[in-house]
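[1] Task: produce atomic coordinates for the following.
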Amino acid sequence: TIYINTQNNYWAKVTDSLGCYNSDTLTLNVNQVPVNAGPNIIDCQKDTVRITATGADSYAWWESGLSNTVLSNQALLTHIAQTDKIFVVRGIKTEGGKTCENQDTMSLSVNPLPQILLQTQEICEDLDNYNLNLMLASGTPQGGVWSSSRNSNWVLAGALFKTLTAGPNTTPGHILTYVY
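    Prediction:
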């Protein structure tokens, strides 16, 4: 029995007990499937993750440990990030009349969404500079910067909301973003 798995030319010689021999040459072509699941990804919870495999003619994606549940039969796997996962892709490629397959994995690490808790505040209508940080409840990450999507001049020094300049709450309201 001879086991060979490297592409090359092989020569075999067989000799019997009388010293008679014969030989033959074999050319071994090894078809490879360089399937690649792509790089590992770190993303935020609830984000849509798009993972693209390369290197094969057809694909099947599944979550590691759940091989009987195919998530996609395309090169592209679209997934909503909830928890850390390892995805496996099997690539199949036909070359020279032979069909071969290979697998690769990639890991998805999911960062949880930050918790932000706001407290209801009442202010006087003639107050011009309202410190938005006063709305942050205990446990909310501190040290962030506020901004307004409607007008960048409505928030000063990252936290002071210009209530008189912004005017009364209009539809869709004052949309403020807090980034830390």
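[2] only C-alpha atoms for contact and neighbour calcs from this point on.
    OK.
[3] Report the helix or strand with the lowest average pLDDT across the protein.
    Among the helical and strand segments of the chain, the one scoring lowest on mean pLDDT, DSSP states H and E is helix 163-166, with a mean of 82.
[4] Downstream of that helix, the next helix or strand is which one?
    The helix or strand immediately downstream of helix 163-166 is strand 176-179, counting by DSSP states H and E.
[5] elements contacting that next one?
    Contacts defined by 3 or more Cα pairs under 8 Å, 6 or more residues apart in numbering; DSSP states H and E place strand 176-179 against strand 145-148.
[6] what separates the next helix or strand after the strand it packs on from the chain centre, distance-wise?
    Per DSSP H and E, the first helix or strand lying C-terminal to strand 145-148 is strand 155-156. With Cα atoms, centre = their mean, to the nearest Å as the basis, strand 155-156 stands 35 Å off its chain's centre.
[7] hang on, the earlier thing: mind exporting the least confident helix or strand of the chain as PDB, just the C-alpha atoms?
    Extracted as PDB, the C-alpha positions of helix 163-166 are listed here (Å, rounded to 0.1, in the frame of the first residue of the first chain):
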ATOM      1  CA  THR A 163     -32.700  75.200  24.200                       C
ATOM      2  CA  LEU A 164     -33.700  78.700  23.200                       C
ATOM      3  CA  THR A 165     -31.800  78.600  19.900                       C
ATOM      4  CA  ALA A 166     -33.200  75.100  19.100                       C
END
